[in-house]
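Asker: sequence first, then the predicted structure, then my questions.
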Amino acid sequence: MTTYVASKSRTQNRPGWSISFRHPLRNDTKGKIGLKMRRGLGTNDEQVAEELVAEMNEILADESWWNAAKRGEATTRFHKTIVDAFFDEIQAGRFSPESVRETEIPMPGAEEGYSRVQFVGTTGAGKTSLVRQLIGTDPDEDRFPSTAPAKTTIADLEVVQAEGEFRAVVTFFSEFQIQAYVEECVMAATVAVFDEGTDAKIADRLLNHSDQKFRLSYVLGTWPDASPDEDEFSFDDRPQAAAPEESGARDKYVERLHSFVGRIKSLAKAADTRLRKELGAEFENFLKNDRATVESWFEEFVCEIDSNEVEAFFDLTHDIMDEIRLRFDSIQEGALVRTRSEWPESWTFSCGGRDEFIKQVRWFSSNYWPEFGRLLTPIVQGIRVKGPLFPSFDSIKPRLVLIDGQGLGHTPDSSTSVPTDITRRFASVDVILLVDNAQQPMLAASQSVLRTVAASGYHHKLAAAFTHFDLIKGDNLRSLEDKRAHVMGSVTQAIASLRDIIGAPVARAVEQSLPNRCLLLGGIDRRNEKLPAKPAEFVRNQMRALITLCEAAIEPIAPPDSAPIYDPTGIGFAVREAVTKFIGPWNARLGLASYSGVPREHYNRIKALNRRIAGDMGVEYDSLRPVADLVARLSESISLFLDKPIAWTRTPADDAEAEASISQVRRNIAGNIHEIALRRLVEQHLSEWRKAHEMKGRGSALDRSIAMKHIYEAAAPLPDTVMTEQASRFVMDVRRLIEAAIKEAGGKVQLEVLT
Ligand SMILES: Nc1nc2c(ncn2[C@@H]2O[C@H](COP(=O)(O)OP(=O)(O)O)[C@@H](O)[C@H]2O)c(=O)[nH]1
Ligand SMILES: [Mg+2]
C-alpha cells in the first residue's frame, strides 16, 4: 500500500512556507490516485510549518480520517489550515461553470421573446466578426470580442441583448483542468530538450499547448528572440492608445521565463542521463526502432527527478500554477470569487457605462499581443454578458442571445465529427448559424455540420452566413449576382455530396430551405460605414434579414399530427452499418488497419486522447473525438432507417409533412444518444482507459492502440449473423432508444406483416 507523506517547502511566489502532499482520495490528472497538491501554510516560522506538516502526516497516516464526515472532529484536533487543505478537496463538488453563469445572468428564451442563435463554423470563418456587427462593438475602438485570423481561444461567449445596465459573468477552468494543461506543456518542453531543440523551441512547447488552444504565452509572456507568431499578431487587435508596459515589468517576465526554461532543461538533462545509463549500449538502437517507448521512459523519469528532495517536475508545474494565480491579483474591478486554494471560479461585474464595461470585460478575452504576460484569457472557460449591445448600423434593437463557441478546427474530411460541446446545444437554440468563408467551396468541417444537423433532425433551425464576400475575385465573378450564384452553387454541391449519407428526403428538405436562409456578408471586419456605399447597403440589408430570420425562429410551428410506424427488424442492420463506419476509421487512426482516407495518428496524439479520458478531463483531444464519432455514425444510420416507415398513423399530406414527422423522431433520438455513447465508450470502461494510459515499456504504443481497439469493440460490438451476448445487448440499447423516440413522437413500432 502507498504511504502518504507531506513535506514543507519555500516557493518563489508565496510568502512563507508551503506544504506539499499527495491527496489519498483524489485522482491525479492521469486518473491515478494521489493528486499532488501544494498549499500555502500562511506562516514564515519554520517551527510552526513543521508542526503543521506533522499534523498533515497524522491525517495521511490514519485512513480513518479519510472521510468527509470526519471534518468536524478533525477541526477540534488539527489547525484549520490543515483541515481545510485536506477536507476541502474531498468535498470539492463538481463545479459547473454553466450553472454559475446561468445563476448570475439567466439566458432568456422563447418565453421571454428571445431567440437563441448558435454560431458554428471553422476557426477564422468570421463568427466573432459577425457577433461584433450584431452587438455594435467597434473593431478598432472596442475590440470586443477578440477576433484572430487563425487561432482562437476556447471560451464560450454568450451575449444577451437587452436594455438596462451592462452585466458580465466570467467563469474559469478548474484548477485541476489547468494543472493538466500545464503538466502537458512542461512535459512537451522537456521532450524538446531531449530532442536537442533550441531554447526558443523549448519555450515554444511550454507556451503553446499541442492542441493549439491553451496558450501559456498569454500569462507568462513570449520568448524574447521569438518573432511574434503571425497568427497571434493580429492587426485587428491593435491598441487604442499604445500602452507599452514599463520596460522594468517586461524584463521581469523575460527573466521569469528564462528561469522556467532553465529548470526544464536541467530536469530534462537529468532524466536523459538516467535513461542513457539504464539503457546503456542499447540506447541508440532503441531510439531508432522504438521511439515511443524511449519517450515514455523519459517522461516517467522526468516525473521522478528530485531536486532538494522535492519532485522537480511537480515543483515546476506548481510554480507555474502560482504564476497564473498571481495574474488574478491585478483585478481591481468587479467581484472575483476564488476557491480556498485561491483558484478563481467566477468574476462578475456590472456598470452603466458602455466603454468602461468593455474595457473591463476585454481583460478576460483579449488576445492582444503586447499585453502577453499579463492576460487571463487562457484560463477563461466562458463569458456571458448582457446589456444594451445593439447594432450600430441601424436603430433596431433585436432580442437575441448570441452564442459564439469554440471553432471547429480544420478537418480533412466531413466524417470528422462535430465536438459534442457544440452538438449538445442544438436542442436548446432556435437558430444554428453556420458561418463559412465564401472564398472557398464549403469546407469539410462545414459539411460535417450539415451532416450532424440533418441526421439529428434540426435542419429547420439551420441558416448559413457566408463571409469574406469582399475578397471574392475572379474575372467571371464581376457582378453581385455572379458572386451570389457562385456561393449558392457551392452550397448545393455540398448538399448533393451528402445525399447518400443523410438520405434523399432530408437532402431535399435542406436543398429547399437553406438557400432562403443564406446570408452573404463581406467586409464585416470593418465598421459598416467604412465600406463603399453600395456594398455597405447590401451587407446592412443582409444583416437585417439575418436578424429578422433569427427573431422569426421562435414562432411555434404546429406539430405534425401524422406519425410514422416502423418495423424494428431493420434496427440491427442500422447498428451494424454504424459500427462498421465507427470501428473502421478508428482502427486506421490507431495504426491497426487501413481505411480509405483516414491516416494513422501519431502515437503522441493517441496517448493525449487516452490521457484526457483517463484523467476524467474530457473525451476529446483536438480532432480525435470517439464519443462524437459514435454519436454521429449511429445518428446517421438510424436517420436513414427512419426514412422508410412501413406505414403511417395517418397518411401525410405531402413529402414535407412526412419529413417533418420523421425529423421529430430524429430529434428525440438526438436528445439521448450522447448519453448512450458516453456511457458505453467511457464510463463503463474507465478502468480499461486508465490501464491503457499506464502502459509503458517495450511496444507500449502498440499495446495502447490494441487496448483502445478492445474498448471500442466492447462499447460498440458488431452485430453479426451469430450475435454475441455483448452485441445483442448493444442492439437492445439502441433499439430501446429508437422505440422510445418513435412513441414519444406519436408513432408506433410493429412487425411488418407480409401479405
Ligand atoms: N476581409 C474580410 N475579413 C473578414 C471578414 N470576416 C472576418 N474577417 C477577418 O477574418 C479573421 C477571422 O475572423 P473571426 O471573426 O475572428 O473568425 P472566427 O474564428 O470565426 O470567430 C479576422 O482577421 C477578421 O478580421 C470579411 O467579411 N471580410
Ligand atoms: Mg471567434
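Answerer: Okay, I see it. Ligands and ions are numbered 1, 2, ... in the order given.

Asker: okay, the residue lying closest to V83 once chain neighbours are set aside: pLDDT?
Answerer: Excluding the flanking residues, the one nearest V83 by Cβ to Cβ, 6 or more residues apart in numbering is A74, at 4.9 Å. In short, each C-beta sits where N, CA and C put it, glycine included. With respect to pLDDT, A74 has a value of 93.

Asker: how many residues are close by the residue of the chain found nearest ligand 2?
Answerer: Taking Cβ to the ion, ligand 2 has its nearest neighbour within the chain at T128, 3.3 Å off. Other residues within reach of T128, judged by other Cβ atoms under 10 Å, total 26.

Asker: doesn't S146 make contact with it?
Answerer: Yes - contact criterion Cβ atoms under 8 Å: T128 and S146 qualify, at 7.0 Å.

Asker: quick check: pLDDT value at P15.
Answerer: In this model, P15 is scored at 78, pLDDT.

Asker: am I right that it sits in a strand?
Answerer: No - assessed with DSSP: H, G, I helix; E, B strand; the rest coil, P15 is coil; it does not lie in a strand.

Asker: which phi and psi values does the nearest residue to it once chain neighbours are set aside adopt?
Answerer: Leaving aside its chain neighbours, P15 sits nearest to N44 (6.9 Å; criterion: Cβ to Cβ, 6+ apart). The phi/psi pair for N44 (degrees, to the nearest 10) reads phi -100, psi -10.

Asker: so where's the stretch 101-250 of the chain shaky on pLDDT?
Answerer: Applying pLDDT under 70 to the stretch 101-250 of the chain flags the ranges 149-153, 225-248.

Asker: ok, which residues in it are in contact with ligand 2?
Answerer: Proximity of the stretch 101-250 of the chain to ligand 2, by Cβ under 5 Å from the ion, involves residues 127-128.

Asker: need the helices for the stretch 101-250 of the chain, in chain order.
Answerer: 127-135, 175-194, 199-207, 217-220, 247-279 (DSSP state H, counting those that start in this stretch).

Asker: ok, back up a step: please, which helix or strand holds the residue nearest to V83?
Answerer: Element membership for A74, per DSSP states H and E: helix 71-77.

Asker: show me what that helix is packed against.
Answerer: helix 80-91 (3 or more Cβ pairs under 8 Å, 6 or more residues apart in numbering; DSSP states H and E).

Asker: re the thing from before, now do the contacts for the residue nearest to V83.
Answerer: Contacts for A74 were tallied using Cβ atoms under 8 Å, 6 or more residues apart in numbering; they are 59, 65, 83, 86-87.

Asker: residue in the stretch 401-550 of the chain nearest to ligand 1?
Answerer: Closest to ligand 1 within the stretch 401-550 of the chain is D525: 3.2 Å, counting by Cβ to the nearest ligand atom.

Asker: before we move on, the earlier item: now the helix holding A74 - C-alpha only, CSV.
Answerer: What follows is helix 71-77 as a C-alpha-only set of coordinates in CSV (Å, rounded to 0.1, in the frame of the first residue of the first chain):
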residue,chain,number,x,y,z
ARG,A,71,-14.2,17.0,9.2
GLY,A,72,-15.9,18.2,12.4
GLU,A,73,-13.8,16.0,14.6
ALA,A,74,-10.7,17.0,12.7
THR,A,75,-11.3,20.6,13.4
THR,A,76,-11.1,20.0,17.1
ARG,A,77,-7.7,18.2,16.8
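
Asker: and that helix, what's buried?
Answerer: By neighbour count with 16 or more other Cβ atoms under 10 Å, helix 71-77 contains the buried residues 71, 74.

Asker: for that helix, what is the distance to the chain centroid?
Answerer: Relative to the chain's own centre, helix 71-77 is displaced by 40 Å; criterion: Cα atoms, centre = their mean, to the nearest Å.

Asker: stretch 209-226 too?
Answerer: In terms of Cα atoms, centre = their mean, the centre of stretch 209-226 is set 18 Å apart from its chain centre.

Asker: what's the closest of the helices of the stretch 101-250 of the chain to R666?
Answerer: helix 127-135 (25.8 Å; Cβ to Cβ).

Asker: which helices and strands does the closest one pack with?
Answerer: Applying 3+ Cβ pairs under 8 Å, 6+ apart, we find helix 127-135 packed against strand 115-120, strand 156-161, strand 400-404, strand 462-467, helix 533-552.

Asker: contact partners of it?
Answerer: Defining contact as Cβ under 8 Å, 6+ apart, one finds that helix 127-135 is touched by 119-121, 138-139, 142, 144-147, 157, 159, 161, 389-391, 393, 398, 400, 402, 404, 407, 435, 465, 467, 521, 524-525, 528, 543, 546-547.

Asker: do the same with stretch 605-623
Answerer: 27-31, 176-177, 180, 184, 210-212, 409, 411, 416, 419-420, 589-590, 624-628, 678, 681-682, 686, 689-690, 692-693, 701, 704-705, 708.

Asker: pull out the buried members of these.
Answerer: Buried subset of those (neighbour count, 16+ other Cβ under 10 Å): 27-31, 176-177, 180, 184, 211, 409, 411, 416, 419-420, 589-590, 624-628, 678, 681-682, 689-690, 692-693, 701, 704-705, 708.

Asker: so of these, which ones are in helices?
Answerer: 176-177, 180, 184, 420, 589, 626-628, 678, 681, 689-690, 692-693, 701, 704-705, 708 (DSSP state H).

Asker: re earlier: what's the neighbour count on the residue lying closest to the residue of the stretch 401-550 of the chain closest to ligand 1 once chain neighbours are set aside?
Answerer: Of all residues not flanking D525 in the chain, S129 sits nearest, at 5.2 Å (Cβ to Cβ, 6+ apart). If you count neighbours by other Cβ under 10 Å, S129 ends up with 21.

Asker: about what we covered before: save the contacts of A74 as TSV, and put in neighbour count, distance to ligand 1 and pLDDT too.
Answerer: As requested, the contacts of A74 are exported to TSV (neighbours: other Cβ atoms under 10 Å; distance: Cβ to the nearest ligand atom, whole Å; pLDDT from 0 to 100):
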residue	neighbour count	distance to ligand 1	pLDDT
I59	24	48	95
W65	19	50	92
V83	22	46	92
F86	26	43	91
F87	23	43	88
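
Asker: now do the contacts for E529.
Answerer: Counted by Cβ under 8 Å, 6+ apart, E529 has contacts 393, 536.

Asker: is the spatially closest residue to W17 that is not a sequence neighbour in a helix, a strand, or coil?
Answerer: Closest residue in space to W17, ignoring its immediate chain neighbours: A49 at 3.7 Å, by Cβ to Cβ, 6+ apart. Under three-state DSSP, the three-state class of A49 is helix.

Asker: and the pLDDT for A49?
Answerer: In this model, A49 carries a pLDDT of 94.

Asker: contacts for stretch 702-712, please.
Answerer: With contacts defined as Cβ under 8 Å, 6+ apart, stretch 702-712 is touched by 582-583, 586-587, 590-592, 603, 606-607, 610, 626, 681, 685, 688-689, 691-693, 695.

Asker: so which of those are also by ligand 2?
Answerer: Okay, of the contacts of stretch 702-712, nothing touches ligand 2 (Cβ under 5 Å from the ion).

Asker: thinking again about what came up before, out of the contacts of A74, who's nearest K748?
Answerer: Nearest to K748 among the contacts of A74, with distances taken as Cβ to Cβ, is F87, at 54.7 Å.

Asker: tell me which parts of the stretch 601-750 of the chain are close to ligand 1?
Answerer: Contact residues, the stretch 601-750 of the chain versus ligand 1 (Cβ under 6 Å from any ligand atom): none.

Asker: any idea how far R735 lies from G570?
Answerer: To G570, R735 is 10 Å away according to Cβ to Cβ, to the nearest Å.

Asker: so who does the residue nearest to Y458 when sequence neighbours are not counted touch?
Answerer: Sequence neighbours aside, F426 is the residue nearest to Y458 in space, at 4.9 Å (criterion: Cβ to Cβ, 6+ apart). Applying Cβ under 8 Å, 6+ apart, we find F426 in contact with 118, 432, 453, 456, 458, 461, 670.

Asker: appreciated, that's everything.
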